[in-house]
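Q: Coordinates only, no sequence provided:
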């Protein structure tokens, strides 16, 4: 019971709300976040049971690849919500300018990867959510 409460509280603190406002996007499809950004999330290798990496490419409105935003990622098995969930964490960038999010598909079935795109906080401004995406993956 405490684990479920803790995970729920953590999700709310990070601004990820049980997919209430998440838009389902397809792997490998370029998706517009707003007038300033677009992204594409894809698996360089076909997802399978075990460790995998979701690669996210972010572009600005001029089509230039950027790493201007913070991305938080989490994942869970849809049919067993909370049993295989990974709490939201910051998605790191690679030297080549991609965001890389490691996932561990513990068993076969349908999984959901959630991504929250936020502006980066500065001295004078707070971080703010721009977009929440839900990606369905079958293993």
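A: Perfect, I can see it now. Every value quoted in this text rests on a predicted model; they were computed, and no experiment measured them.
Q: so where's the chain uncertain?
A: Scanning the chain for pLDDT under 70 picks out 1-20, 81-84.
Q: quick one, helices of it?
A: 2-13 (DSSP state H).
Q: With adjacent residues omitted, what lies nearest to the spatially most central residue of it?
A: Nearest residue to the geometric centre of the chain (C-alpha atoms, centre = their mean): residue 115, 2.1 Å. The spatial neighbour of residue 115 that comes closest, neighbours along the chain excluded (C-beta to C-beta, 6 or more residues apart in numbering), is residue 133 at 4.6 Å. Placement of C-beta: from N, CA and C, glycine included.
Q: Quick check: the one you found touching residue 25?
A: Yes: using C-beta atoms under 8 Å, residue 133 is in contact with residue 25, at 4.8 Å.
Q: okay, and the common contacts of these two?
A: Common neighbours of residue 133 and residue 25 are listed as 31, 41 (criterion: C-beta atoms under 8 Å, 6 or more residues apart in numbering).
Q: So residue 65 is in contact with residue 55, correct?
A: No: contact criterion C-beta under 8 Å: residue 65 and residue 55 do not qualify, at 12.0 Å.
Q: quick one, which of these two is more surrounded?
A: Between residue 65 and residue 55, counted using other C-beta atoms under 10 Å, residue 55 has the larger neighbour count: 16 against 11.
Q: who's in contact with stretch 48-64?
A: By C-beta under 8 Å, 6+ apart, stretch 48-64 touches 35-45, 65-69, 71, 73, 91, 97-108, 113, 115, 135, 139.
Q: So which of these belong to strands?
A: The strands, defined by DSSP state E, take in 37-42, 69, 71, 73, 99-105, 113, 115, 135 from the contacts of stretch 48-64.
Q: Quick check: PyMOL command selecting the buried ones in those residues.
A: To isolate the buried members of the ones in strands among the contacts of stretch 48-64 in PyMOL, using 16 or more other C-beta atoms under 10 Å:
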select buried, resi 37+38+39+40+41+69+71+73+99+101+103+105+113+115+135
